[in-house]
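Peer 1: please work out how this folds:
(chains A and B)
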Number of protein chains: 2
Amino acid sequence: MTESRIYTAALVIIGDEILSGRTQDKNISQIALWLNIQGIRLREVRVVPDVEEAIVEAVNALRARNDYLFTTGGIGPTHDDITVDAIAAALGVDVVIHPEASEVLHKYYETRGGINEGRLRMARVPDGADLIPNKMSGAPGIRHGNIFIMAGVPHITAGMLDALTGQLEGGAPLLSHQVGCWVAESEVAKLLADTEKHHDGCQIGSYPFFREGKVGANFVVRTTDPHKLAECVDALKLGLRGNGYETVDGGI
Amino acid sequence: MTESRIYTAALVIIGDEILSGRTQDKNISQIALWLNIQGIRLREVRVVPDVEEAIVEAVNALRARNDYLFTTGGIGPTHDDITVDAIAAALGVDVVIHPEASEVLHKYYETRGGINEGRLRMARVPDGADLIPNKMSGAPGIRHGNIFIMAGVPHITAGMLDALTGQLEGGAPLLSHQVGCWVAESEVAKLLADTEKHHDGCQIGSYPFFREGKVGANFVVRTTDPHKLAECVDALKLGLRGNGYETVDGGI
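Peer 2: Predicted coordinates:
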């Protein structure tokens, strides 16, 4: 089997509401899980304020070194929605009205009070962009090259991801298997390190918890190769049992 | 009243478990809210994998341009906990055993199976560091200059924040007031922009929602000046009512 290349993505979350603590982010996790299924790894995330220079810096740094760049937030109708302008600035292109987006919005607002200046703002795109369908509300997402500009409201983001499913080239999906154990991770740190070292291409993550008055940990083995995954998981379970600990497949 | 200077912080979240989507981040929001109370604004966040170069790049970029840098994650006993080594590399200092941390850990594990190599790893700090008390579990957090190295497990992070409360110099806290309204934000986009423009030093964020079959939005006015806050909120409410919409203080 030839090792397939690893496809990576980055995410820029644009929003004062996340940085102020007002809103608990939910997009990192849902985008990461969706990307895994597409065979793409979320490599880095930045959360930036609604400030053009901050958006430009993040977009330009991350689009260059990842296969894909996703952004969420700042594509609504109000004055604090500056994502399109910032990304156009980052790309050095003009902002133009996308005719199809304009048509979608005119139609959507026909029965919702009519189009106005703010609503038409949502038809603005960086020149050269395509649309990402939005089945939840009127305004579409935007694709420009390897950049995917999406809504910040999680259920609208989810609809846009759905529209993109199967559209992006990826590699072998990252597989994972979780093993739970009522053990202090510090008790078996050497076993974890040795097991990872002897299973090339596998990473073992250790996630401790404290429940029912006892410490435990879930260990997650990650790799793209199903055989290597099975071998590493077996070795880990054997090692934990050899130390006198029961293991629970799927985690605790 | 003289305008006090704005203190900023950045946060680096270190963890494959966030980037893989396995774990939903809870630290951005809790750290942001805690910082607000200290009079410090969370200015930017990066989520990076358990990879030394990625940590070094983020730490060096962000510590230089913010008053404070916080990190979460990667300070446990296992092989994937590389935060201390990465930050020492970023600072160009050695990793040393902190005698007090070593003492704390020896004592903590006295009744928990005894100290071992993995557990003693948690006494390692970048040379020159002080400790941040950890009242939830044994291993302390670490302070080095303007860098605060904290645990990733949210309730342990919370305990470390608690230990730091009142210890950091900040400016005037960012005040905010939320006004809810059953209106499509796109209906009042111009009002929001005009109101913000006429109230210097105030930002108005617009956060739409869809509930009970109806669209609505919460508008958040943010500023450090309580008088400006009250004036801007009053103007916004007057404007919304002038357009025929009821407003709900505190939000919907």
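Peer 1: what residues does the stretch 51-200 of chain A have near chain B?
Peer 2: A:54, A:76-80, A:109, A:112-113, A:116-119, A:121-122, A:137, A:153, A:174, A:176, A:184-190, A:192-193, A:196 (Cβ under 8 Å from any Cβ of the partner chain). Bear in mind the C-beta positions are built from the backbone N, C-alpha and C, glycine included.
Peer 1: out of the residues you listed, which end up buried?
Peer 2: Using 16 or more other Cβ atoms under 10 Å in any protein chain shown as the burial test, these include A:54, A:76-80, A:109, A:118-119, A:121-122, A:137, A:153, A:174, A:176, A:184-190, A:192-193, A:196 as buried.
Peer 1: the stretch 151-252 of chain A: helices as residue ranges?
Peer 2: Assigned by DSSP state H, counting those that start in this stretch, the stretch 151-252 of chain A shows helices spanning A:154-164, A:189-197, A:226-242.
Peer 1: cool, the stretch 1-150 of chain A as well?
Peer 2: Under the criterion DSSP H, counting those that start in this stretch, the stretch 1-150 of chain A contains helices at A:16-19, A:27-38, A:52-65, A:83-91, A:99-110, A:117-120.
Peer 1: right, so the ones you listed: which one is the most enclosed?
Peer 2: With neighbours defined as mean count of other Cβ atoms under 10 Å in any protein chain shown, these peak in mean count at helix A:16-19, which reaches a mean of 24.
Peer 1: residues in contact with it?
Peer 2: The contact list for helix A:16-19 (Cβ atoms under 8 Å, 6 or more residues apart in numbering or on different chains) reads A:23, A:25, A:47, A:49-50, A:73, A:80, B:28-29, B:32, B:41-45, B:203, B:205, B:207, B:220, B:222.
Peer 1: ok, 7 Å please
Peer 2: A:23, A:25, A:47, A:49-50, B:28, B:32, B:42-43, B:203, B:205, B:207 (Cβ atoms under 7 Å, 6 or more residues apart in numbering or on different chains).
Peer 1: likewise stretch A:124-134?
Peer 2: Contacts of stretch A:124-134 (Cβ under 7 Å, 6+ apart): A:84, A:87-88, A:91, A:93-98, A:100-101, A:140-144, A:148, A:150, A:156, A:159-160, A:163-164.
Peer 1: what's the answer for stretch A:160-175, then?
Peer 2: With contact meaning Cβ under 7 Å, 6+ apart, stretch A:160-175 is reached by A:4-7, A:31, A:34, A:36-41, A:68, A:132-134, A:141, A:148, A:150-151, A:222-224, A:226, A:229.
Peer 1: ok, A:Phe148 to A:Tyr108 distance?
Peer 2: Distance of A:Phe148 to A:Tyr108, given as Cβ to Cβ, to the nearest Å: 21 Å.
Peer 1: swap in A:Ile204?
Peer 2: Here A:Ile204 is placed at a distance of 49 Å from A:Tyr108 (Cβ to Cβ).
Peer 1: how about A:Gly152?
Peer 2: For A:Gly152, the distance to A:Tyr108 (Cβ to Cβ) stands at 19 Å.
Peer 1: tell me the contacts of the nearest residue to A:Gly74 once chain neighbours are set aside?
Peer 2: Leaving aside its chain neighbours, A:Gly74 sits nearest to A:Thr83 (3.4 Å; criterion: Cβ to Cβ, 6 or more residues apart in numbering or on different chains). Contacts of A:Thr83 were listed using Cβ under 7 Å, 6+ apart, and they are A:14, A:55, A:71, A:73-75, A:149.
Peer 1: how about a cut-off of 10 Å?
Peer 2: By Cβ atoms under 10 Å, 6 or more residues apart in numbering or on different chains, the contact list for A:Thr83 reads A:12, A:14-15, A:50, A:52, A:55, A:59, A:71-76, A:126, A:142, A:149-152.
Peer 1: the helices of the stretch 151-252 of chain A: which one's closest to A:Gly250?
Peer 2: Smallest distance to A:Gly250 across the helices of the stretch 151-252 of chain A (Cβ to Cβ): 11.0 Å, for helix A:226-242.
Peer 1: buried sites along that closest one?
Peer 2: Within helix A:226-242, the residues that count as buried by 16+ other Cβ under 10 Å are A:228-229, A:231-233, A:235-237, A:239-240.
Peer 1: go on, stretch A:199-209?
Peer 2: Neighbour-count burial for stretch A:199-209 flags A:199, A:202-209 (criterion: 16+ other Cβ under 10 Å).
Peer 1: tell me the phi and psi of A:Ile82?
Peer 2: Main-chain torsions, A:Ile82, degrees, to the nearest 10: phi -120, psi 10.
Peer 1: so it makes contact with A:Thr71?
Peer 2: No - using Cβ atoms under 10 Å as the test, A:Ile82 is too far from A:Thr71 to be in contact (11.6 Å).
Peer 1: what do these two both touch?
Peer 2: With contacts defined as Cβ under 10 Å, 6+ apart, the residues shared by A:Ile82 and A:Thr71 are A:14, A:55.
Peer 1: quick check: chain neighbours aside, which residue is closest to the residue in the stretch 151-252 of chain A positioned nearest to chain B?
Peer 2: Residue of the stretch 151-252 of chain A nearest chain B, by Cβ to the nearest Cβ: A:Ala189 (2.8 Å). Spatial nearest neighbour of A:Ala189, excluding adjacent residues (Cβ to Cβ, 6+ apart): B:Gly118 at 2.8 Å.
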